[in-house]
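Engineer: make a model of this:
(chains A, B, C and D)
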2 protein chains.
Amino acid sequence: MKDVAALAKVSIKTVSRVVNGEAGVTPGLARRVMAASERLDYRHNLTASSLRRSDGRSATIGIVLEDVANPFSSALHRAIEDVAVQRGVLVLASSSDEDEARERRLVAAFASRRVDGLIIQPSSQDHSYLLTERKAGTAIVFVDRPPAFLDADTVLTDNAAGVRRGVRHLIAHGHRRIGYLGDLHTIATAAERHRGYVEELADHNIDVDERLVRLDLRGIEKSEAAATELLSSPEPPTALFTGQNLVTIGAFRVLRRMGLHHRIALIGFDDILLADLLEPGITVIAQDPAAIGRAAAEILFRRLDGDRSPSEHRVVVSRMITRGSGEITP
Amino acid sequence: MKDVAALAKVSIKTVSRVVNGEAGVTPGLARRVMAASERLDYRHNLTASSLRRSDGRSATIGIVLEDVANPFSSALHRAIEDVAVQRGVLVLASSSDEDEARERRLVAAFASRRVDGLIIQPSSQDHSYLLTERKAGTAIVFVDRPPAFLDADTVLTDNAAGVRRGVRHLIAHGHRRIGYLGDLHTIATAAERHRGYVEELADHNIDVDERLVRLDLRGIEKSEAAATELLSSPEPPTALFTGQNLVTIGAFRVLRRMGLHHRIALIGFDDILLADLLEPGITVIAQDPAAIGRAAAEILFRRLDGDRSPSEHRVVVSRMITRGSGEITP
DNA sequence: GACGTAAGTGACAACGTTGTCAAAAGACAA
DNA sequence: TTGTCTTTTGACAACGTTGTCACTTACGTC
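Structural biologist: From the prediction side, this is the model:
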């Protein structure tokens, strides 16, 4: 900036004014400054700028996802990015891998870079550590799962209701022995989904047969093992509800392998690319990650614009997509 | 920092030393400083630090992907992140949507935040605009596609060779009328893949029948339309080679719809989640995005560590995964 | 006890910006 | 022409750090 000022024969303050598009600079001077900064390949230094400016904004936000490569998380990421770019805000994206310590490390790394806001798909069981950040003025929004020990804006899917819709669908098709395969119980959404299963059965006066329920299945392999066990038991279920993406894939693999894919019904939570091309197509309770991400980003930026109203808890509804596997009768 | 210094009754320089873990501070003082910064919830300001430090490093890199939500791109992202976190480096990730202007805007936004390095999956046709950034000391690595008008490190898949392997496989199974469906010809990798198709046919003395070739198919719908046309023609191909992810999905949909999925062979470039569960499973030439991302990040950090050797051009080989669709005979 | 050396500590400037405020220049009326 | 008011411009400090260098101790050695 000093060099540009020297070349344009003005003070650096005038260069600053031109660079920031402030009003009240004679057009002639402005042209000279622009020509000079062009010639010197001048790049405005946003970090220095945000250090000095009164609002201290870095025009950068941080997001903590379970895994940036996971389709659900990356759809969130994209939706957030789309809202952010419109405001000239860039996104630091990182994966927590469902690891509490890693989530905290990432948040600390974001904080030391002075991000304006955080969007977190939480892994940890206690978010009171974020109080410090919030006191420092960082806006925080939780997506997909609620925070613990912290009151903050959240955007969630109607997990329990979605599962209930799916289970009801199975019951309507005549099923009474419905197995449930779920993800880690410590994950709030997984617990919610399981709750939906239990409640819907109760509403239809069906006792939960714990032998048909397997929780804490993380990843395709564990799901395959559990599904195999369930389906090989003396009194196997006539339908399966799977509470997560990879669990659904594992279960479907097993059904195929055992030649049961046209005889045992299957409904999974969360949509899967290509699920429509399988035989049968997999009926799912689809979430809307793009809508979740968009909503989270909107709330975040509203906070950054000064909104101080009480925490907002938005729910994005899921919808059932019937494709065949959920319509198999016992 | 000033407050911490006051509370610990030391100079801010000593606080700085403790925060940065520099040697030569009496343990007693160090403890006092740590206690004080704990009590005041002190957060080191990395932006101010990088502004002042001699190397000027921001411990942040920027990556430009086609779309952060696309499985290939997000796998790249994840692999890069994994290398970066080990060094305490964070990743700004953005989507160019195959838009030249957007790519440039993103790079400018990264530059004004003084990222240490850039990893770019390029969309544009001229990268000489990056000379300025490089002169400013930013390390730059290209992934998936080569840069134009700029000599820089690159990590690419062996596109043409991969396609040739697939086409050879089809020929070995007795096919002579092999259709080709490809992505936008302006994308370097798409052009390379098409070249592989033409060359392999030539090697087997098979004339390219232009009626069986459709290029510039962007997205599932366009692919479906082209596949429908090809397969409804008077002399349809007995096999299809699809040059991209979504093109493969579109083609498979059409095969299914026309009831030809067990009669017409199909090999696609790039693997698809669940491709193994379809009937038949889709034979693909699989890229290794994780390996590409890892390699790119490694090269980038080597450059940041001072490596000034000539540009490296690494090729990550693809491999064929046979699952059934590519082994159908005419 | 004097002296040299090494280790620890702090004062100050500087990184590239922008906020503040005062000075300079121009516009207009009397 | 002068005086007043408005607009444009610039000097300087400050943002939160760290590099430089000088100063103060503490410790051995003779």
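
Engineer: if I pick residue A:153, what's in contact with it?
Structural biologist: A:140, A:141, A:142, A:296, A:299, A:300, A:303, A:311, A:312, A:313, A:314 (Cβ atoms under 8 Å, 6 or more residues apart in numbering or on different chains). To be clear about C-beta, it is placed using only N, CA and C from the backbone, and glycine gets the same treatment.

Engineer: tell me which element the fifth one falls in.
Structural biologist: Pointing back at residue A:299 there. helix A:289-304 (DSSP states H and E).

Engineer: before we move on, the earlier item: narrow the contacts of residue A:153 to those that are buried.
Structural biologist: A:140, A:141, A:142, A:296, A:299, A:300, A:303, A:312, A:314 (16 or more other Cβ atoms under 10 Å in any protein chain shown).

Engineer: I'd say the fourth one and residue A:80 touch.
Structural biologist: Yes - the pair residue A:296 / residue A:80 is scored as a contact, 6.5 Å apart, by Cβ atoms under 8 Å.

Engineer: roughly how far apart are the closest residue to residue A:192 other than its chain neighbours and DNA strand D?
Structural biologist: Sequence neighbours aside, residue A:159 is the residue nearest to residue A:192 in space, at 3.9 Å (criterion: Cβ to Cβ, 6 or more residues apart in numbering or on different chains). Distance, residue A:159 to DNA strand D, using Cβ to the nearest atom of the strand, to the nearest Å: 40 Å.

Engineer: try residue A:232
Structural biologist: Taken as Cβ to the nearest atom of the strand, the span from residue A:232 to DNA strand D is 60 Å.

Engineer: try residue A:100
Structural biologist: 26 Å.

Engineer: number of residues surrounding that residue?
Structural biologist: Counted with other Cβ atoms under 10 Å in any protein chain shown, residues neighbouring residue A:100 total 14.

Engineer: what's around the nearest residue to it once chain neighbours are set aside, how many residues?
Structural biologist: Nearest residue to residue A:100 in three dimensions, chain neighbours excluded: residue A:124, at 3.9 Å (Cβ to Cβ, 6+ apart). Counted with other Cβ under 10 Å, the neighbours of residue A:124 add up to 21.

Engineer: and what about residue A:124, helix, strand or coil?
Structural biologist: State at residue A:124, reduced to three classes by DSSP: H, G, I helix; E, B strand; the rest coil: coil.

Engineer: tell me which element residue A:266 is part of?
Structural biologist: Judged by DSSP H and E, residue A:266 forms part of strand A:265-269.

Engineer: pull up the pairing partners for that strand, direction included.
Structural biologist: If you go by DSSP bridges, strand A:265-269 pairs up with strand A:239-242 (parallel), strand A:283-286 (parallel).

Engineer: need the helices for chain A, in chain order.
Structural biologist: A:2-8, A:12-19, A:27-39, A:46-52, A:71-85, A:100-112, A:131-135, A:159-172, A:188-203, A:220-232, A:245-257, A:289-304 (DSSP state H).

Engineer: which positions in the stretch 51-200 of chain A make contact with DNA strand C?
Structural biologist: A:51, A:52, A:53, A:54 (Cβ under 7 Å from any atom of the strand).

Engineer: gap between residue A:179 and residue A:267?
Structural biologist: 11 Å (Cβ to Cβ, to the nearest Å).

Engineer: overlap of the contact sets of the two?
Structural biologist: A:239, A:240, A:241.

Engineer: sorry, back to before: tell me the contacts of the residue nearest to residue A:192?
Structural biologist: So residue A:159 contacts A:189, A:192, A:193, A:196, A:269, A:318 (Cβ under 8 Å, 6+ apart).

Engineer: so residue A:30 is in contact with residue A:20, correct?
Structural biologist: No - the criterion here is Cβ under 8 Å, and residue A:30 misses it with residue A:20 at 11.5 Å.

Engineer: neighbour count: the two, which is higher?
Structural biologist: In this view residue A:30 and residue A:20 are compared by other Cβ under 10 Å, and residue A:30 has more residues nearby, 18 against 10.

Engineer: apart from its neighbours in sequence, what residue is nearest the more buried one?
Structural biologist: Nearest one to residue A:30, counting by Cβ to Cβ, 6+ apart, is residue A:18 at 5.1 Å.

Engineer: now do stretch A:137-154, average pLDDT.
Structural biologist: The average pLDDT within stretch A:137-154 is 96.

Engineer: residues in contact with residue A:111?
Structural biologist: Contacts of residue A:111 (Cβ under 8 Å, 6+ apart): A:133, A:136, A:138, B:43.

Engineer: can you select the buried ones from those in PyMOL?
Structural biologist: Those of those that count as buried under 16+ other Cβ under 10 Å are selected in PyMOL with:
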select buried, (chain A and resi 133+138) or (chain B and resi 43)
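
Engineer: need the contacts of residue A:111 in TSV with distance to residue A:87, can you?
Structural biologist: Shown next, in TSV, are those (distance: Cβ to Cβ, whole Å):
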residue	distance to residue A:87
A:133	21
A:136	21
A:138	16
B:43	24
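
Engineer: find me the pLDDT at residue A:53, would you?
Structural biologist: pLDDT, read off for residue A:53, is 91.

Engineer: and if you look at residue A:28?
Structural biologist: Confidence score, pLDDT, at residue A:28: 89.

Engineer: of the shared contacts of residue A:179 and residue A:267, which is the nearest to DNA strand D?
Structural biologist: residue A:241 (50.7 Å; Cβ to the nearest atom of the strand).

Engineer: neighbours of the closest one, just the number please.
Structural biologist: 33.

Engineer: beta-bridge partners for it, please?
Structural biologist: Under the criterion used (DSSP bridges), residue A:241 bridges to residue A:180, residue A:267.

Engineer: what residues are up against it?
Structural biologist: Per Cβ under 8 Å, 6+ apart, neighbours of residue A:241: A:163, A:166-167, A:170, A:178-181, A:197, A:266-269.

Engineer: now these in a markdown table, with pLDDT?
Structural biologist: Formatted as a markdown table, the contacts of residue A:241 follow (pLDDT from 0 to 100):
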| residue | pLDDT |
| --- | --- |
| A:163 | 98 |
| A:166 | 98 |
| A:167 | 98 |
| A:170 | 98 |
| A:178 | 98 |
| A:179 | 98 |
| A:180 | 98 |
| A:181 | 98 |
| A:197 | 98 |
| A:266 | 98 |
| A:267 | 98 |
| A:268 | 98 |
| A:269 | 97 |
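
Engineer: tell me the one of those nearest DNA strand D?
Structural biologist: Once Cβ to the nearest atom of the strand is applied, the member of these that ends up nearest DNA strand D is residue A:269, at 44.0 Å.

Engineer: can you tell me how far that closest one sits from residue A:159?
Structural biologist: Taking Cβ to Cβ, one finds residue A:269 at 8 Å from residue A:159.

Engineer: need the overlap of contacts for the two.
Structural biologist: A:193, A:318.

Engineer: right, is stretch A:201-220 up against chain B?
Structural biologist: No - Stretch A:201-220 does not reach chain B (Cβ under 8 Å from any Cβ of the partner chain); its nearest approach is 10.7 Å.

Engineer: export that stretch to PDB, keeping only CA atoms.
Structural biologist: In PDB, the C-alpha atoms belonging to stretch A:201-220 read as follows (Å, rounded to 0.1, in the frame of the first residue of the first chain):
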ATOM      1  CA  LEU A 201     -44.300 -49.500  17.800                       C
ATOM      2  CA  ALA A 202     -45.900 -48.600  21.200                       C
ATOM      3  CA  ASP A 203     -48.600 -46.600  19.500                       C
ATOM      4  CA  HIS A 204     -49.600 -49.700  17.600                       C
ATOM      5  CA  ASN A 205     -49.400 -51.900  20.700                       C
ATOM      6  CA  ILE A 206     -46.400 -53.800  19.400                       C
ATOM      7  CA  ASP A 207     -43.900 -54.800  22.100                       C
ATOM      8  CA  VAL A 208     -40.300 -54.100  21.300                       C
ATOM      9  CA  ASP A 209     -38.500 -57.300  20.800                       C
ATOM     10  CA  GLU A 210     -35.000 -56.400  22.000                       C
ATOM     11  CA  ARG A 211     -33.600 -59.300  20.000                       C
ATOM     12  CA  LEU A 212     -34.500 -57.400  16.800                       C
ATOM     13  CA  VAL A 213     -32.700 -54.300  17.900                       C
ATOM     14  CA  ARG A 214     -29.000 -53.600  17.300                       C
ATOM     15  CA  LEU A 215     -27.500 -50.300  18.200                       C
ATOM     16  CA  ASP A 216     -24.000 -48.700  18.100                       C
ATOM     17  CA  LEU A 217     -23.300 -49.900  14.500                       C
ATOM     18  CA  ARG A 218     -20.700 -47.600  13.100                       C
ATOM     19  CA  GLY A 219     -19.900 -48.200   9.400                       C
ATOM     20  CA  ILE A 220     -20.900 -50.800   6.800                       C
END
